[in-house]
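S.K.: Fold the following for me, if possible:
(chains A and B)
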There are 2 protein chains.
Amino acid sequence: MEVGEKVVYPMPSYVLYRTVAQIQAANPVEIPYDETFTFPLQALIEAQGAVTFIASPNSPLGNAVPLDQLNTLAAELKGILIVDEAYVDFTDQNALSLAQKHNNVILLRTLSKGYSLAGLRLGFAIAKPSLISDLNKVKDSYAVDAIATLVGAAAIRDQAHKTLNVEKVLRSRSMLKHQLEALGFRVWPSEGNFLLVRSPQQSALKLQQSLKNRGVLVRHFNVPGVEDKLRITVGTDEQNEFLCRLLKEEIMTSQ
Amino acid sequence: MEVGEKVVYPMPSYVLYRTVAQIQAANPVEIPYDETFTFPLQALIEAQGAVTFIASPNSPLGNAVPLDQLNTLAAELKGILIVDEAYVDFTDQNALSLAQKHNNVILLRTLSKGYSLAGLRLGFAIAKPSLISDLNKVKDSYAVDAIATLVGAAAIRDQAHKTLNVEKVLRSRSMLKHQLEALGFRVWPSEGNFLLVRSPQQSALKLQQSLKNRGVLVRHFNVPGVEDKLRITVGTDEQNEFLCRLLKEEIMTSQ
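M.R.: Predicted coordinates:
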């Protein structure tokens, strides 16, 4: 990045895009989603970022961006399109074909979500060789340690284990969705390992604080479009049931 | 770093200071050592870098900077003084007292040298809390993985093992020095886990290539003051003997 170059991304999205843009003294340009969370394709094209970040599936919204829209975006942008596929294992589409087709597309993957190896801090990029070669010029030397390399490679080879893990999360996500809806929550469709929800009565911030005081951490984002919502990561079934019990108590107390 | 700010360091020194300065679009300012490798204190003060990097012990030169000179440098610089103590375990001085005394001093340590854990890619900084707090603002989130954190902490707790490891390297360094001198090499005094040497006959670059062809990697730096020298990392005694056998053959062949 040159100083002041535009780093474009929709809002709400992953909160670190702004931080990394600011650390590089770039110019973060945030394109708002409308109330229906429709992907703001035209506005993203018009912004013409030197770099455009698209999380798909997005967090905290939970929706994946249709591939044809990502394809149009890649074709219409002069700069780099980064498709952040952190949550790709929880949905049934991916943008691999776009990275193979376009010279300006970089996919980002991580072992923190579908592989449940967040402690490993390991991710990777997929792009055409020419683009990877450019990235290598500004990459820190020796970025990944030998143990993480071995553990990560073993995890990637064991797709059967990852699939089992993902299926467990998807089953729990479905159960949690029904439990929350039964408590009166609105639950948005999710293709991630989390649910975006709105409480029937309480403010999201208050509910987040109450849960925190009882030892349960959920995310509240003070960002237009989601200030009234919470992002709840799908836990084990036991954790999810404990959460629902607390939420039920909160709702009864507030009535 | 702001774009164009001065990053100052003596030359020769660790080659990555230039790279990291360039990646940040800073302005690398290189202060040459004279032929006797005397620390260029006055010129470093006059350069007044926003950041000044001093490797002590230095690589590839092998010499440590006297503490009183580092103290003067810290006092006279308005910017940050980074004392890179990668090789600190192989010498009998360290700059801990300077980091405790000065608000602008950061020590860098690594587990790659004295602890022989280069594969772990783990290092740490020591500085006053105010300075560490400023560094945290521009630090990438979650930079160190959970396994490296546990392994690194265990290694640091086991100082007895590190001491044994260092003593082994120091004994081998001393033996290798005598063996090389016996072959006619000039060997500079070293407080690192390597020796800076000059061949009695052959050009350093040619010798480095010959050794590489036989499977032994030593470093040649195309930098004024050391173009005619090689940096040889101390190996196991078996590796060192193999190296000396190859060097003897090279010398005999070239006569």
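
S.K.: need the strands for chain A, in chain order.
M.R.: Assigned by DSSP state E, the strands in chain A fall at A:6-11, A:27-32, A:51-55, A:80-84, A:105-110, A:123-126, A:186-187, A:194-198, A:230-233.

S.K.: mind putting the ones you listed in TSV, distance to A:Gln209 and mean neighbour count included?
M.R.: From N, CA and C alone the C-beta is placed, and that goes for glycine too. As requested, the strands of chain A are arranged in TSV below (distance: least, CB to CB, whole Å; neighbours: other CB atoms under 10 Å in any protein chain shown):
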stretch	distance to A:Gln209	mean neighbour count
strand A:6-11	24	22
strand A:27-32	26	17
strand A:51-55	27	24
strand A:80-84	29	24
strand A:105-110	29	21
strand A:123-126	32	15
strand A:186-187	20	16
strand A:194-198	16	23
strand A:230-233	11	22
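
S.K.: could these go into a markdown table alongside distance to B:Val216 and mean pLDDT?
M.R.: Output for those, formatted as a markdown table (distance: least, CB to CB, whole Å; pLDDT from 0 to 100):
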| stretch | distance to B:Val216 | mean pLDDT |
| --- | --- | --- |
| strand A:6-11 | 46 | 97 |
| strand A:27-32 | 50 | 97 |
| strand A:51-55 | 43 | 98 |
| strand A:80-84 | 42 | 98 |
| strand A:105-110 | 38 | 98 |
| strand A:123-126 | 33 | 96 |
| strand A:186-187 | 64 | 98 |
| strand A:194-198 | 53 | 97 |
| strand A:230-233 | 52 | 98 |
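
S.K.: Of those strands, which is nearest A:Met175?
M.R.: Smallest distance to A:Met175 across the strands of chain A (CB to CB): 10.9 Å, for strand A:194-198.

S.K.: Let's have the strands of chain A in a markdown table, adding distance to B:Leu176.
M.R.: Listed next are these as a markdown table, based on distance: least, CB to CB, whole Å:
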| stretch | distance to B:Leu176 |
| --- | --- |
| strand A:6-11 | 51 |
| strand A:27-32 | 54 |
| strand A:51-55 | 49 |
| strand A:80-84 | 49 |
| strand A:105-110 | 44 |
| strand A:123-126 | 40 |
| strand A:186-187 | 68 |
| strand A:194-198 | 57 |
| strand A:230-233 | 55 |
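
S.K.: Adding distance to chain B, write those out as JSON lines.
M.R.: JSON lines is the format used below for the strands of chain A (distance: least, CB to the nearest CB, whole Å):
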{"stretch": "strand A:6-11", "distance to chain B": "16"}
{"stretch": "strand A:27-32", "distance to chain B": "14"}
{"stretch": "strand A:51-55", "distance to chain B": "16"}
{"stretch": "strand A:80-84", "distance to chain B": "15"}
{"stretch": "strand A:105-110", "distance to chain B": "11"}
{"stretch": "strand A:123-126", "distance to chain B": "11"}
{"stretch": "strand A:186-187", "distance to chain B": "28"}
{"stretch": "strand A:194-198", "distance to chain B": "18"}
{"stretch": "strand A:230-233", "distance to chain B": "16"}
